[in-house]
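Trainee: All I have is the shape, not the residue letters:
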DNA sequence: AATATAGTGTGTATTTTTTACACTAATAAA
DNA sequence: TTTATTAGTGTAAAAAATACACACTATATT
């Protein structure tokens, strides 16, 4: 009838051709020294939205990230001391915005670190299940949401965009067809700028036009 | 940190060309005499799956229905006496299986009744929000899931199937194109039977081949 | 200055899918 | 037999998806 109530924050980014998830090393029992999805208890009169923000910040040092609900996990045996219901949230962040910023504020976690989605450590509690569900949702929603653009810098190349699609879908895509399709959708703005700092031909940069996107998908 | 924990069961069916949802009339404060989504408290050591089954049965009299998680609602003000976290579940049932069977087992609800989705009474708590989210999910998942076939009798006509699509999508569809597409998908089994008891030309009956469906969508 | 390297950027033909559109056939009831 | 009501069907046009390969360009290296 009464249950402990926590929130877990699945925070995903994209860097070096790879989907990454932010995990924290626990400094408390149970699962001391294990890697876990950053999460903590919700306070008595705290709204979930506020709690997600606070917990994400306290556990990882990250601020101002938009999180949406993934699912509730409430298995009686997920915590050794009895049921702890957790509501998992999912967020996507731009790597450039967060690099060098991930550092727990609280002592409950010893450190926070990005892990490649296909090279995860063993995880505390049922956190593996939570991540699997997150990946599944990510995959299904890919083309109807702004997710890829939340993972990429404000200005990105079509190759980067394709890499995001490929790493989420887990398959390679044809370059010409991918570009044709994306450009035809009409919500990408071609910029007059190119990549810099590459030792080969610099690629054109694009932005997403969020208004046009929303007109198209809602 | 501790919160009350309940489960609400959104149970949907299809009857007479209309999507219907099962609501219960509350017999307890708060919201006594209001219509509400059937729901109740989860017990201490009860797994969610077990709780959903039990609560659906106790509140509506319905057994053996498959429910999947929709979302958690935990607003501090959703209940006048403080936070009550609810995990909403969603189920689809065949009207023929449930007609004349909806009757609360417990005294907490006075009666259970089907309401057309587009003619709902005022609802207790934030139950309106829950239903809206359910409808949204229903709409997005329509063509990737077996939902339409859970709402229809085992044997159904293509017209009935089209009506389900139309009432969920909220738009009319072209009959020839709809049939062509559905039949081409290849997971419908044409039967050697026709409708009976209609005062016009009887339509052919179909079944869904769940194996073929699953092969196609997973 | 020449060369190697690595990723950028592009077109066309084919197949598949989607869309638009209207009449005849079958049955039961009157 | 007439009427009412729904079932059932085809085709052409447009749009979208797929398969497929090479020349270009910017830089770094020698």
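Mentor: Arrived safely, thanks for sending. The structure presented is a predicted model; accordingly, all values stated were derived computationally and were not measured. Numbering: from 1, shown residues only, chains lettered A, B, ... in the order given.
Trainee: The top strand by length along chain A close to chain B?
Mentor: When chain A is parsed with DSSP state E, its longest strand is strand A:2-15. Yes. If you take CB under 8 Å from any CB of the partner chain as the test, strand A:2-15 does meet chain B, through A:2-5. In short, each C-beta sits where N, CA and C put it, glycine included.
Trainee: Show me which residues of that strand are buried.
Mentor: Within strand A:2-15, the residues that count as buried by 16 or more other CB atoms under 10 Å in any protein chain shown are A:3-14.
Trainee: Kindly reformat these as CSV containing distance to residue A:217 and pLDDT.
Mentor: Shown next, in CSV, are the buried residues of strand A:2-15 (distance: CB to CB, whole Å; pLDDT from 0 to 100):
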residue, distance to residue A:217, pLDDT
A:3, 36, 96
A:4, 38, 96
A:5, 33, 97
A:6, 33, 98
A:7, 28, 98
A:8, 28, 98
A:9, 25, 98
A:10, 23, 98
A:11, 24, 98
A:12, 20, 98
A:13, 23, 97
A:14, 21, 96
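Trainee: Make JSON lines from these and add distance to DNA strand D to it.
Mentor: Converted to JSON lines, those look like this (distance: CB to the nearest atom of the strand, whole Å):
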{"residue": "A:3", "distance to DNA strand D": "45"}
{"residue": "A:4", "distance to DNA strand D": "46"}
{"residue": "A:5", "distance to DNA strand D": "42"}
{"residue": "A:6", "distance to DNA strand D": "41"}
{"residue": "A:7", "distance to DNA strand D": "37"}
{"residue": "A:8", "distance to DNA strand D": "35"}
{"residue": "A:9", "distance to DNA strand D": "34"}
{"residue": "A:10", "distance to DNA strand D": "29"}
{"residue": "A:11", "distance to DNA strand D": "31"}
{"residue": "A:12", "distance to DNA strand D": "25"}
{"residue": "A:13", "distance to DNA strand D": "27"}
{"residue": "A:14", "distance to DNA strand D": "22"}
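Trainee: what comes into contact with the helix or strand in which residue A:181 is found?
Mentor: Assigned by DSSP states H and E, residue A:181 belongs to helix A:175-185. Around helix A:175-185, the neighbours that count as contacts under CB atoms under 8 Å, 6 or more residues apart in numbering or on different chains are A:158-159, A:161-162, A:165, A:188, A:190, A:216.
Trainee: again, only using 6 Å
Mentor: For helix A:175-185, contacts defined as CB atoms under 6 Å, 6 or more residues apart in numbering or on different chains pick out A:158, A:162.
Trainee: Could you confirm whether the helix or strand hosting residue A:205 reaches DNA strand D?
Mentor: Assigned by DSSP H and E, residue A:205 falls within strand A:204-208. No. Judged by CB under 7 Å from any atom of the strand, strand A:204-208 and DNA strand D are separated, with a smallest distance of 10.3 Å.
Trainee: On the pLDDT front, check residue A:99 for me.
Mentor: Per-residue confidence at residue A:99 stands at 88 (pLDDT).
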